[in-house]
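Chemist: next input, structure requested:
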Amino acid sequence: MPPTTLEFLSEQVELSEQLNMGRDVMLEPQDLPGRYGRVVRAIDHILEVTRIEAALGGGWAVWRHGYAARLTQDIDIALPADRIEEFQRAASVSGFELLAQKPGRWPKMRHKQTGVQVDILPEGARPGTALKLAPTTIPHPARMGAEQGRLRYMTLSATVLLKIAAGRERDQGDVVELIRSNTNQLEAIRNDLGAAHPQYVEIFDRLVKSAEAQADQE
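Modeler: You can find the predicted model right below:
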């Protein structure tokens with residue numbers, strides 16, 4: 001995360017205002033403002049040349065699916081396992097630098113012009129924490145809303161699944177906000193989670209109760 005400087009805080013305030021004003025028209029990753037939009041377009045160039053499928057997840061997917069106050073500094077993209085090296089080679093000559101990682105860690109890049117970090121979510125990798133790994137692995141991007149040659153947002157169900165699989169408190173907080181913003185889609189999400197793993201349904205049901213309790217207190 002960038003240092004908390006006055007410049008950084010000013011950028012965050014401006015970004016928040018732009019996102020709030022453009023919420024109804026910023027429907028695709030390519031519509032994101034400022035340096036994040038520039039990074040998306042740089043990624044699109046790579047995807048167009050390589051014909052790789054990729055889906056945008058993380059905080060930006062959470063924002064897109066209804067948590068309007070969610071801001072993030074990184075871009076998280078899911079890639080097919082057998083295309084990651086090809087994507088990295090193309091990225092390394094397209095304005096990105098590959099960041100050194102410890103063995104077993106997921107790949108990361110940095111967009112040189114903007115400084116935005118891009119975290120790669122590899123198909124087949126297992127989310128979770130050091131103390132508790134998820135019972136499932138990251139699906140192929142095509143199963144999460146991706147298409148060839150252009151970055152797309154992950155579907156709502158895929159976003160919730162990966163957030164629950166991550167097993168962190170802040171990710172579960174994102175799910176609570178998504179539940180509150182998508183009450184008409186809870187059954188569909190629950191069905192998709194059940195198809196992935198019963199444990200995810202148990203966690204989701206608990207988070208639904210937390211969302212309902214928060215709504216009752218307001």
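Chemist: tell me which helix or strand of the chain sits lowest on mean pLDDT?
Modeler: helix 6-21 (a mean of 70; mean pLDDT, DSSP states H and E).
Chemist: against which helices or strands is the helix or strand just after that helix packed?
Modeler: On the C-terminal side of helix 6-21, the closest following helix or strand by DSSP states H and E is helix 34-50. Under the contact criterion of 3 or more CB pairs under 8 Å, 6 or more residues apart in numbering; DSSP states H and E, the helices and strands touching helix 34-50 comprise helix 6-21, strand 53-57, strand 75-79, helix 84-92, strand 108-111. For every residue, glycine as well, the C-beta is placed using N, CA and C.
Chemist: check the offset of helix 34-50 from the chain's centre.
Modeler: Helix 34-50 sits 15 Å away from the centroid of its parent chain (CA atoms, centre = their mean, to the nearest Å).
Chemist: can you list the helices and strands packed on helix 34-50 in TSV and add distance to Ile179?
Modeler: Output for the helices and strands packed on helix 34-50, formatted as TSV (distance: least, CB to CB, whole Å):
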stretch	distance to Ile179
helix 6-21	21
strand 53-57	17
strand 75-79	20
helix 84-92	32
strand 108-111	30
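Chemist: for the residue nearest to Pro107 when sequence neighbours are not counted, which three-state class applies?
Modeler: Sequence neighbours aside, Ile120 is the residue nearest to Pro107 in space, at 4.3 Å (criterion: CB to CB, 6 or more residues apart in numbering). When the structure is split into helix, strand and coil by DSSP: H, G, I helix; E, B strand; the rest coil, Ile120 lands in strand.
Chemist: cool, thanks, talk later.
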